[in-house]
Every structure is written in structure tokens, then in C-alpha cells.
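>>> predicted structure and sequence below. I'll ask about it afterward.
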Amino acid sequence: MTTAVPAKGSARGKAAKADKANKAKGKTDANATGVGPLLRGWRERRKVSQLELALRADSSARHISFVETGRSRPSEEFLLRLADHLDVPVRDRNSLLLAAGYAPRFRETPLDDPTMGTLREGLEQLLAGYEPYPALVVDAKYDVIAANRGITMILSGLPDHLFEGPLNAMRVTLHPEGLASRIRNLREWRGHLLHQMERQIALQRSDALREVYEEVAAYPVTNPGEDAFEPGTEVPYFALPLRIEHDGHVLSFISSISTFNTPMDVTVAELAIETLLPADPATSKYLQQQMS
């Protein structure tokens, strides 16, 4: 009778190795779902090296590396400091905090909440004060939150189906039955709006905004507006104008977008105020006559 001697690579040895491998895999999986990969994703999206981020945040590249690989858990304040230097949107800062095991820092308060009364009143005063020129407030998906009479005038006469559900500024502008049918320089303005959305998608990683982008980018261009700039024009435009027809007149606007500085609420952080400044004296005069 012979006695079996476990050889190298026997069942017992293989079992031990498998157990060790499973533990390592579990650690790797945990790291893959933690704050490290999220932070690395934002750093790479911003095209910032670990060393550069460390210098900005008064840290070390070694510490940044340890955080990204899960070998070190960042403090709440350090994580927010990194997010600030990477210009991470407020909503995603909450995601970073949750991934690191902390409570969200920033609230998301509905605009109709009583605590938002002062903000709503301020926005309404701003929009009204900008009249007769058009102005509106949109959220992160370009859904219109509020608008003044200047915007109402521009949208007048459009099909009712464009106003079903939340009014979306991008949809109503680029839809073939929307303002696109009136825009004289549609090819240029459409390219500008799509590029603007592409930049925001790249910076914010917003699936909701990407859905809107894919929808409006697929709209057919039935009116390219090749007659955008008539020969001999004497208007020295200082930025790409929106040239749009209204009741037999061609109106020219320069768009300006404002956001809130250092917002402490997700809702407020995602609001944007767009104002349309007359790009020539004729547009200014026409709007003043219409609103008088």
C-alpha cells in the first residue's frame, strides 16, 4: 500500500491559490465600484495628470494615486477640494461623496419649494426687467423653467404639439416645424447649438442631455438658411448672431448665457439664464415697438 504525497500544484495547493485569487478579485471589484475610478474618470476627462492635480490641491501625486486605486480613503473635505479643482458638477460631487461612504453635501430642492421663493422672485424680476428683449431660464436638459414676453413673441404661431409636455429650448429651436423654419442662418446656428451641447455632455456626463442631443441632432435640415448674410450688410457683428424672421422682419440677436456662482444646491447649479441681445439697431427698435 502506498501513501499519496501532495505534489506541487495538488488540489489543496490549487484551492489555496484559488481562495487567494478570489480575495484579490473581490478587492479589485470593490475598488472598481468605489470613489477611485470615479475620481480618475473626472481627472482624465479634464486631461489633468495626477501630479498637476496634486499641485492644485496641495497634495502629492502618490496620495492621488492611492485614492484612485482604492489604497487610501480620502477625507470628505479633501474629496470636495479635488472635485472643485476638477470642476466636477455639483450633482456629481454628491455621487463622489456617496461612493466614498459620505452623505451628500448638496441638496436638490424643487423650484416650487417655499424655500426657493426668493430665487423664483429674483428670476421673474430679472426676466421682466430685460424686456422688451427676449430672455429665458432653462435647466440642465434645456427644459424652459421661465420666460419673458420677448420669448413668447418669438414663439408665437408655432404648432401646438411643440408645446406639449415640458417646453424644451433645443427642441423648439431645431425642430423643422419650430423656429428652424424661421432661422435665416440655420446651418450656422444649428452647428453652434449642437457643439454647445456636445461640450456640456463631455463635461457633465449627462445621459438625459445626451438623449435630447441625439433627438435634435437627428432632425432633418429642411431650411439651411443659406441667405444668412446679405451682401453689402453694414452691421459689424461681434459674435455669431441668431437671425430669425418674425412677421415679415428679420431680427438679429447675440446670445449670452449666465449661471449662478458657487451654488450650494443641485437645482440652482443646473439653472442657466439665456438673454438675447439685439445685434443691430433695427432689431432693438422693432422689439421696443412691439412691447410698447
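Nice, I can see it. Residues are numbered from 1 along each chain as shown.
>>> burial measure for Leu155, as a count.
19 (other C-beta atoms under 10 Å). Any C-beta I mention is one placed from the backbone N, CA and C, and that applies to glycine too.
>>> wait, it sits on Val172?
Yes - the pair Leu155 / Val172 is scored as a contact, 6.7 Å apart, by C-beta atoms under 8 Å.
>>> need the residues touching each of those two.
Listed as contacting both Leu155 and Val172 by C-beta atoms under 8 Å, 6 or more residues apart in numbering are Leu179.
>>> what about the stretch 151-292 of the chain, any weak spots by pLDDT?
224-238 (pLDDT under 70).
>>> again, only using 50
Applying pLDDT under 50 to the stretch 151-292 of the chain picks out residues 228-229, 231-232.
>>> center of this protein, which residue is that?
Residue closest to the average C-alpha location in the chain (C-alpha atoms, centre = their mean): Gln200, at 4.2 Å.
>>> from the contact counts, what lies against the helix or strand containing that residue?
Applying DSSP states H and E as the criterion places Gln200 in helix 186-204. Applying 3 or more C-beta pairs under 8 Å, 6 or more residues apart in numbering; DSSP states H and E, one finds that helix 186-204 makes contact with helix 169-174, helix 207-217.
>>> which stretches in this structure count as strands?
135-138, 144-147, 242-246, 249-258, 272-278 (DSSP state E).
>>> now do the helices in the chain.
Secondary structure of the chain (DSSP state H): helices located at 11-32, 35-45, 50-56, 61-68, 76-85, 90-99, 117-130, 149-155, 169-174, 186-204, 207-217, 266-269, 281-291.
>>> with respect to burial, which of the ones you listed scores highest?
Compared across those, helix 169-174 shows the largest average neighbour count, a mean of 22 (mean count of other C-beta atoms under 10 Å).
>>> using CSV, list the CA coordinates for the helix holding Gln200.
Extracted in CSV, the C-alpha atoms of helix 186-204 (Å, rounded to 0.1, in the frame of the first residue of the first chain):
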residue,chain,number,x,y,z
LEU,A,186,-29.9,77.8,-39.6
ARG,A,187,-26.9,75.8,-40.6
GLU,A,188,-24.6,78.0,-38.6
TRP,A,189,-26.9,78.4,-35.6
ARG,A,190,-27.7,74.7,-35.5
GLY,A,191,-23.9,73.9,-35.6
HIS,A,192,-23.4,76.3,-32.7
LEU,A,193,-26.1,74.8,-30.6
LEU,A,194,-25.1,71.2,-31.2
HIS,A,195,-21.5,72.0,-30.4
GLN,A,196,-22.6,73.7,-27.2
MET,A,197,-24.5,70.5,-26.2
GLU,A,198,-21.5,68.3,-27.1
ARG,A,199,-19.3,70.4,-24.8
GLN,A,200,-21.8,70.1,-21.9
ILE,A,201,-22.2,66.3,-22.4
ALA,A,202,-18.4,65.9,-22.3
LEU,A,203,-18.1,68.0,-19.1
GLN,A,204,-21.2,66.7,-17.3
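>>> surely Ala57 meets Leu82?
Yes - judged on C-beta under 8 Å, Ala57 makes contact with Leu82 at a distance of 5.5 Å.
>>> what sits in contact with each of the two?
Ile64.
>>> quick one: residues contacting Ala146.
Ala146 neighbours (C-beta under 8 Å, 6+ apart): 123-124, 127, 136-137.
>>> biggest separation within the residues you listed, which pair?
Glu124 and Leu136 (11.9 Å; C-beta to C-beta).
>>> gap between the nearest residue to Glu215 once chain neighbours are set aside and Leu111?
In space, Glu215 comes closest to Arg171 once its chain neighbours are excluded; the distance is 7.1 Å by C-beta to C-beta, 6 or more residues apart in numbering. In this structure, Arg171 and Leu111 are 20 Å apart, going by C-beta to C-beta, to the nearest Å.
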